[in-house]
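Q: got a sequence here, can you build the structure:
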Amino acid sequence: MSLGRRAKNWMRVLRVPFEWLGIGLGILLFSWLPRRAMLFVCDVISRVMYRFDRAGRKLALFNLRVVQGTDEVKDLPFAKLKTTQLAPPTAREEKILRRSYRNMARTVGHAFWTCRNARRRVVEAGEMCEEGKRFLAANRPAVTVSGHIGCWEILSQLAFLEGHPMMSVAKDIGTSGMTRLLMKSRTSIGQEIVHADGAFRPLMQGIKEGKSLGLLVDQVVKPKNGGVWVRFFGRPVPVSAAPAFFSAKGKAPVAVAWSRPLPDGRYRCEVVNTYSPQEAREVWKLTQRCIHDLEGVIRRHPSCWVLNYRYFRKVPAAAERAQLEARENP
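A: Purely as a prediction, here's the structure:
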């Protein structure tokens, strides 16, 4: 084993107690705070994170400039970002970056905060738009699609309160024990959370039983794990094709939605677009359309998106790029 890999393994071992401490304090602290106090603590944490997360700030600036279509990053491969010096952020860009960190901290805080008195607190923290209520009332089950925009945690919670049994997917966060603890806290309102590994069967069974699905698609999913290559702000990215697949198989319509932050710190779930199960039969086409829908929201509200995630780290092989271009130009 190389020295670098051995050091990384030791860092993982040493990190475990701090991860448990952070999650434990998060659940203990946030779950007992009033909503405004929780938001205040999240805002303080976000300012500290922004101050010390140097690598994350650079990544967030890169992603923001990809969204804006800035010439500086137009032809810059993600692999060269670490060794490339980006121009300092403008005053407007820095404001967006700070708000993105704040939004992320508030979303995590909301997840911990709703561990206690979940139903009452979700009602206190958010609302479903009228179009969303009509869609959910008319379609059971449904596949709801979103990204890491606004407070993505509250979307399935609000749909659950509209009478839809909801299932969502969660990836590992830190250790397996910490992942189980977080998943348990996220199910406090009654929705089901399944692990990303092996999620296909429970989700398929769930939609057959009339349960609706809440899926996030703005993250990297390798083709061998069910991803398809699409264009995301002009760059090839492999994302999950699960919404289209489950919609077509389960004959459930798709709603692309997001939770808009309101001035008082609450959220409103807004529907961006809807698609029929017939449209979902064209899996790649629907997946690309969902990504385009999210692009529109992100362009209008970049500060609501998690900017410090490595969305563009994967590069398609020649055959994958050729397949993508053939799909774009049939």
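
Q: which residues sit in contact with V221?
A: Counting by C-beta atoms under 8 Å, 6 or more residues apart in numbering, V221 makes contact with G227, P238, V239, S240. C-beta coordinates here come from the backbone N, C-alpha and C atoms, glycine included.

Q: isn't there a strand covering it?
A: No. If the criterion is DSSP: H, G, I helix; E, B strand; the rest coil, then V221 is coil and not within a strand.

Q: identify the bridge partners of the nearest residue to it once chain neighbours are set aside.
A: Spatial nearest neighbour of V221, chain neighbours left out: G227 (3.4 Å); criterion: C-beta to C-beta, 6 or more residues apart in numbering. Following DSSP bridges, G227 is listed with bridge partners S240.

Q: distance of G227 from Y50?
A: Taking C-beta to C-beta, to the nearest Å as the measure, G227 falls 31 Å from Y50.

Q: with R201 instead?
A: Counting by C-beta to C-beta, the gap from R201 to Y50 is 41 Å.

Q: which one of the two is surrounded by more residues?
A: The residue with more neighbours, out of R201 and Y50, is Y50; 21 against 9, by other C-beta atoms under 10 Å.

Q: surely that one touches L97?
A: Yes. Between Y50 and L97 there is a contact at 7.1 Å, judged by C-beta atoms under 8 Å.

Q: tell me what whichever strand or helix holds P236 is packed against?
A: Element membership of P236 [criterion: DSSP states H and E] is strand 235-240. Helices and strands touching strand 235-240, by 3 or more C-beta pairs under 8 Å, 6 or more residues apart in numbering; DSSP states H and E, are strand 227-232, helix 283-300, helix 318-328.

Q: any chance of those in a markdown table, plus mean pLDDT and distance to D197?
A: Below are the helices and strands packed on strand 235-240 laid out as a markdown table (pLDDT from 0 to 100; distance: least, C-beta to C-beta, whole Å):
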| stretch | mean pLDDT | distance to D197 |
| --- | --- | --- |
| strand 227-232 | 97 | 14 |
| helix 283-300 | 97 | 21 |
| helix 318-328 | 96 | 23 |
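
Q: of all the ones you listed, which lies closest to L213?
A: The closest of the helices and strands packed on strand 235-240 to L213 is helix 283-300. By C-beta to C-beta, the value is 13.2 Å.

Q: which helices and strands does that closest one pack with?
A: Packed against helix 283-300 by the contact rule (3+ C-beta pairs under 8 Å, 6+ apart) you find strand 227-232, strand 235-240, helix 242-250, strand 254-261, strand 267-275, helix 277-280, helix 318-328.
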